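Participant: show me how the following folds:
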Amino acid sequence: MIIKASNLGIFTVYETERKNGSQSSNLYVFNRFPSNEPPKKEKLNHHNKTIILSETKTIKNNKREVTAPQQEITKAPADHLFVSDRIPKPFVELAKYFFPSAKAIEEFWKMTTIAAYKNNQENETDTILSVSLESFKQLVRKMKSNVMVKNPLAYYTGILNKKFQDIYFSELFEMGF
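Facilitator: Numbers count the residues shown, from 1 in each chain. Take a look at the predicted model:
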């Protein structure tokens, strides 16, 4: 066993090596500080005033900002033209007036497909399109009313899920369940 030492001041690291040359575990030895030197006297920085918590100003520092689709600023005037081909044109035509960003429109459609899949409607393209248009119109109506919608995407998803569940249960009722 070969041992190599490196002294880093506070502790010493002994690197051990096996007979075949591969590295083994390291050994760390904490060194003692010499006690023969008196500690240096440093002048402490004392506050002259007492801090009163009720008078202190709190600084709100949010390092991460989450932007909702309605708050996005588009850089190109016709950003909705660059939406994916998988999104139906009627949905794009409706959504572009309220959320002109292609990313926001695609995010709304993504939530539509997720909600349709969860409610066993992923193969019914006409139903998906009609429910998504109705849900989007309901979202816009709610946003234009006096009620503030904090997250339009989440609100839209909730409307979609409710409408798809209604369709699912009405189909079950027609089948006799």
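Participant: what residues are up against Glu134?
Facilitator: Lys163 (C-beta atoms under 8 Å, 6 or more residues apart in numbering). Placement of C-beta: from N, CA and C, glycine included.
Participant: now it: which helix or strand?
Facilitator: Assigned by DSSP states H and E, Glu134 belongs to helix 125-144.
Participant: next helix or strand past that helix?
Facilitator: Later in the chain than helix 125-144, the nearest helix or strand by DSSP H and E is helix 152-175.
Participant: report the buried residues of that following helix.
Facilitator: Pro152, Leu153, Tyr155, Tyr156, Thr157, Ile159, Leu160, Asn161, Lys163, Phe164, Ile167 (16 or more other C-beta atoms under 10 Å).
Participant: any idea how far the third one is from Lys162?
Facilitator: This points to Tyr155. Applying C-beta to C-beta, to the nearest Å, the value for Tyr155 to Lys162 is 11 Å.
Participant: hmm, back to that, please identify the buried residues of the helix holding Glu134?
Facilitator: Using 16+ other C-beta under 10 Å as the test for burial, helix 125-144 gives Thr127, Ile128, Leu129, Val131, Ser132, Leu133, Ser135, Phe136, Gln138, Leu139, Val140, Lys142.
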